[in-house]
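J.: with the input below, show me the fold.
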Amino acid sequence: NGFEDKITLIKGKVEEVQLPVPKVDIIVSEWMGYFLLYESMLDTVLYARDKWLVPNGLIFPDKAVMYIAGMEDAQVRAERIDFWDDVYGFDMRPIKDMALKEPVVDMVDSKTVVTDAVPILHIDILTCTKEDLAFHASFQLQSNRNDYIHALVAYFECAFTQLHKPLGFSTSPFAKYTHWKQTVFYLNEPITVCEGEILQGYMECQQNKKNNRDLDILLKIKFDGKHSQIESETDYRLR
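T.: Alright, predicted model coming up:
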């Protein structure tokens, strides 16, 4: 492309390579994974930032926010989860428990979202640390209509705020398709909700100790509505 004398390619892991310069002005990285943090690629960006980025240097993208919402998903839940209750006459519910604890990465129809969406994680890549990526958050979701909640759906947005004209993108069910899709956490039991009712939740997320590319996610749910009362705690593993 005519840039042989302008661009130098250096092959290797960021943690191992040697650069021909002591510092860099800009870091560009597509580090985002499913559920934003899956595969722990942001760790490498932070390593490069701390080792090479000049003071007041630029990182693209530099901001990220993760959101969570409640969704109705009876048909897919029946196919993916409840299917194991009776497999051609065989009771295979132990597999159902395993299926329930593995989040599903898939496209979510925006029409199935039945609550508002609230942020559960804010990341400033210019200042955050590796420890900040192991997060916990309490949240409240308000139902927008009378319906059922079969799962919670998580998605993220990224922003390039250091540009002359800031821009960003979203992986929301209401936005255009991206390969990150959305991440769905099926609940132990469906919840019947009325418009205006509040679901209380709490989430913890950290890297798996045996494989840091995987995520261990704890989700606690509490709901006291007109037709449903539930309090549950589920450990998920995104792998």
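
J.: which SSE is immediately downstream of the lengthiest helix in the chain?
T.: Using DSSP state H, we find that the single longest helix of the chain is helix 42-52. Moving toward the C-terminus from helix 42-52, the next helix or strand (DSSP states H and E) is strand 53-60.

J.: what is the helix or strand following that next one packed up against?
T.: Later in the chain than strand 53-60, the nearest helix or strand by DSSP H and E is strand 63-71. Packing contacts for strand 63-71, counted by 3 or more C-beta pairs under 8 Å, 6 or more residues apart in numbering; DSSP states H and E, involve strand 118-124, strand 135-142, strand 147-160, strand 182-193, strand 198-207. (Each C-beta comes from the backbone N, C-alpha and C, glycine too.)

J.: could you dump those into TSV and include mean pLDDT?
T.: TSV is the format used below for the helices and strands packed on strand 63-71 (pLDDT from 0 to 100):
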stretch	mean pLDDT
strand 118-124	98
strand 135-142	98
strand 147-160	98
strand 182-193	96
strand 198-207	98
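
J.: figure out which of those strands is closest to residue 83.
T.: strand 182-193 (12.2 Å; C-beta to C-beta).

J.: so the closest one versus strand 198-207, what angle?
T.: With axes from the mean of the first three to the mean of the last three C-alpha atoms, to 10 degrees defining the directions, strand 182-193 sits at 150 degrees from strand 198-207.

J.: how much space is there between the residue nearest to residue 46 when sequence neighbours are not counted and residue 47?
T.: Counting by C-beta to C-beta, 6 or more residues apart in numbering, residue 46 lies nearest to residue 130, which is 5.8 Å off, once chain neighbours are set aside. Shown here: residue 130 relative to residue 47, a distance of 9 Å by C-beta to C-beta, to the nearest Å.

J.: how about residue 98, secondary structure?
T.: helix (DSSP: H, G, I helix; E, B strand; the rest coil).

J.: tally of neighbours for it?
T.: 11 (other C-beta atoms under 10 Å).

J.: for it, report the pLDDT, please.
T.: If you check residue 98, the pLDDT there is 87.

J.: for it, what are its contacts?
T.: Going by C-beta atoms under 8 Å, 6 or more residues apart in numbering, residue 98 touches no other residue.

J.: please shift the residue numbers so they start at 603 in all later answers.
T.: Okay, residue one is now 603; in that scheme the one you just asked about reads as residue 700.

J.: joint contacts of residue 732 and residue 649?
T.: By C-beta under 8 Å, 6+ apart, no residue touches both residue 732 and residue 649.

J.: surely residue 809 and residue 640 touch.
T.: No - judged on C-beta atoms under 8 Å, residue 809 makes no contact with residue 640 at a distance of 10.0 Å.

J.: next, the spatially most central residue of the chain: phi, psi?
T.: What sits nearest the mean C-alpha location of the chain, by C-alpha atoms, centre = their mean, is residue 637, with 2.0 Å. The phi and psi torsions at residue 637 (degrees, to the nearest 10) take the values phi 50, psi 30.

J.: do the same with residue 688
T.: phi -150, psi 100.

J.: number of nearby residues for it?
T.: 11.

J.: then the one 10 residues further on?
T.: Neighbouring residues of residue 698 were enumerated by other C-beta under 10 Å; the total is 17.

J.: identify each buried residue in stretch 808-817, please.
T.: 809, 816-817 (16 or more other C-beta atoms under 10 Å).

J.: one more: stretch 702-710?
T.: In stretch 702-710, counting by 16+ other C-beta under 10 Å, buried: 702, 705-707, 710.

J.: ok, now stretch 786-806?
T.: For stretch 786-806, using 16+ other C-beta under 10 Å, the buried residues are 786-789, 792-795, 799, 801, 803, 805.
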